[in-house]
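1. Only the shape, not the letters, is given here:
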């Protein structure tokens, strides 16, 4: 039996425009790298490989909490030692905590002979999200584990649906400001207009149909969020300019990644995705805010074993 | 050039559970039969074949109003004489007004050499819906013209998406009570909880994915409406019993057809659909309300030229 494994744990885009809280997609970049060792003692040990200040108490660590749950459920004298190379910046809106949680569960399952289903792994990984944000949500961990675009139709009971989608390019800009998930959640109204909700569910239905039929125009028309984005985008300087100018430059559409501050745009090909990146850079150079950008694709595999 | 045509104009189910205002499906039964003659004079004449008291003023008739719009747009000296065999009872929730409007536009277009697209025909037919209910909605006329399951992603601009779906059976019960569309609309709250809206858009996304992937279990799990049905079902005696007992009997799920009072249930095969019909009959026999039932299938063709 293999005692040690290395995995690539990818970033994800949750709250996919009209799919707030239910739709997410998996990215090829950025990625965390995680090494996980199987131990014969009931403990979980966390190391940060690059000096990034991760919580070393496993119950408070997004990779540790899921594995504690897994060990408790198995009720065996096993443990895991996890070394995390944290490349996805926490607070970026790119699923940093989900990558740790999903990477740890996939790696542990691999070492245990793949005894758990992907849905089980999501269930464990959600304990990591609870550590990170206080809420057991699945819209980052599910695409991180399943790959591609995933729908979380329901949390209780957990119902995850993989949505086939075309090989789209994703351009991301991460402006270096802090948007706390808790703040981003707090500014949302608890009630919404029925007419806006109807428009939103028309759009998510169109988006799912567009993904499944490879209908890029329909995807573009459906990438509209009339409920969350108008409120949250206020927290992200440059958002409106990024969105309108990237669409002018040929992007199908996009929006806030997770609860921000990263913004993502989907494009049909690499050339467009690179022009979109240039547009994003120009906007933040003008504003004078530091940023990172990524030009990547939808990752259909999710967490990947690399060694 | 053909001067006269006969069409079958089918009933439709709008407000498809979680797809309120945006999803509808076309039925094989019941159907109106319509005969339409091309005239060389700018007028629209309406006849009721079976003595049913339809408005004879074409501007006030759901079949007449769309053809007046069509003639005005063409700006030609043509007209139509329409004879309607009204088999779909007005006020049933089965798209009676839409059948007249859609049947008239498809028939007229046929006589004109199919110069209009289906989307144009929906645009004309919506004038009939405006006559009937005061609102230009498309969620009955679109499935009636396109056939199958249709998504109205947007009304302004009109964006209709055909959703491929499996060959499901539909059982319908029409209890003989009156639910006015205006009343059914008025009792809806203008605001809904964000958490309910999220659940609804998770369900419609699941329903569209289930239809497109032939995933009957997913269709069943997604046929849930947490916003409209809890309010409107109060207007329909027996609704809760019909829904729960039909599902126990094997139906995938269902709900209110349009704004009621008809209730529809989807089933995977004819045998189940017939058991479901028996369950519906027993419930309304017990309540002592007269009713009609139909066991039919999803009509992928929409309005059909029969002569």
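-> Cool, the structure landed. Since this is a predicted model, take the numbers as computed values, not measurements.

2. only C-alpha atoms for contact and neighbour calcs from this point on.
-> OK.

3. who's in contact with the closest residue to residue A:173 other than its chain neighbours?
-> Excluding the flanking residues, the one nearest residue A:173 by Cα to Cα, 6 or more residues apart in numbering or on different chains is residue A:293, at 4.4 Å. If a contact means Cα atoms under 8 Å, 6 or more residues apart in numbering or on different chains, then residue A:293 has A:171, A:172, A:173, A:174, A:277, A:281 as its contacts.

4. Okay, helices next: where are they in the stretch 201-307 of chain A?
-> Taking DSSP state H, counting those that start in this stretch to define them, one finds helices in the stretch 201-307 of chain A at A:216-222, A:229-232, A:239-248, A:270-287.

5. I'd like to know which of these is closest to chain B.
-> Closest to chain B of the helices of the stretch 201-307 of chain A, according to Cα to the nearest Cα: helix A:216-222, at 7.8 Å.

6. So for that closest one, mean pLDDT?
-> What helix A:216-222 shows for mean pLDDT is 98.

7. and that helix, which residues are buried?
-> Residues of helix A:216-222 classed as buried: A:216, A:218, A:219, A:220, A:221, A:222 (neighbour count, 16 or more other Cα atoms under 10 Å in any protein chain shown).

8. can you pull the contacts of the residue of the stretch 1-150 of chain A found nearest chain B?
-> Relative to chain B, the nearest point of the stretch 1-150 of chain A is residue A:22 (5.9 Å; Cα to the nearest Cα). Residue A:22 is in contact with A:14, A:15, A:16, A:139, A:151, A:152, A:153, A:154, B:198, B:202, counting by Cα under 8 Å, 6+ apart.

9. Now the closest residue to it other than its chain neighbours: phi and psi?
-> Leaving aside its sequence neighbours, residue A:22 sits nearest to residue A:152 (Cα to Cα, 6+ apart; 4.7 Å). When read as degrees, to the nearest 10, the backbone of residue A:152 gives phi -100, psi 90.

10. so what's residue A:152 bridging to?
-> In this structure, residue A:152 bridges to residue A:160 when assessed by DSSP bridges.

11. Residue A:226 versus that one, what's the distance?
-> 20 Å (Cα to Cα, to the nearest Å).

12. and these two? which has more neighbours close in?
-> Using other Cα atoms under 10 Å in any protein chain shown, the more surrounded residue of residue A:152 and residue A:226 is residue A:152, with 26 against 14.

13. Next one, pLDDT for the more buried one please.
-> Predicted confidence (pLDDT) for residue A:152: 97.

14. surely it meets residue A:159?
-> Yes - using Cα atoms under 8 Å, residue A:152 is in contact with residue A:159, at 5.9 Å.

15. Tell me the helices and strands packed up against the lengthiest strand in chain A.
-> Scanning chain A for the strand with the most residues, using DSSP state E, yields strand A:23-39. Applying 3 or more Cα pairs under 8 Å, 6 or more residues apart in numbering or on different chains; DSSP states H and E, we find strand A:23-39 packed against strand A:4-13, strand A:79-85, helix A:96-111, helix A:141-146, strand A:149-154, strand A:291-297.

16. switch the cut-off to 6 Å
-> Contacts defined by 3 or more Cα pairs under 6 Å, 6 or more residues apart in numbering or on different chains; DSSP states H and E place strand A:23-39 against strand A:4-13, strand A:79-85, helix A:141-146, strand A:149-154.

17. Please identify the deepest-packed of those.
-> Comparing the helices and strands packed on strand A:23-39 by mean neighbour count (mean count of other Cα atoms under 10 Å in any protein chain shown), helix A:141-146 comes out on top with a mean of 33.

18. For that helix, which helices and strands make contact with it?
-> strand A:23-39, helix A:96-111.
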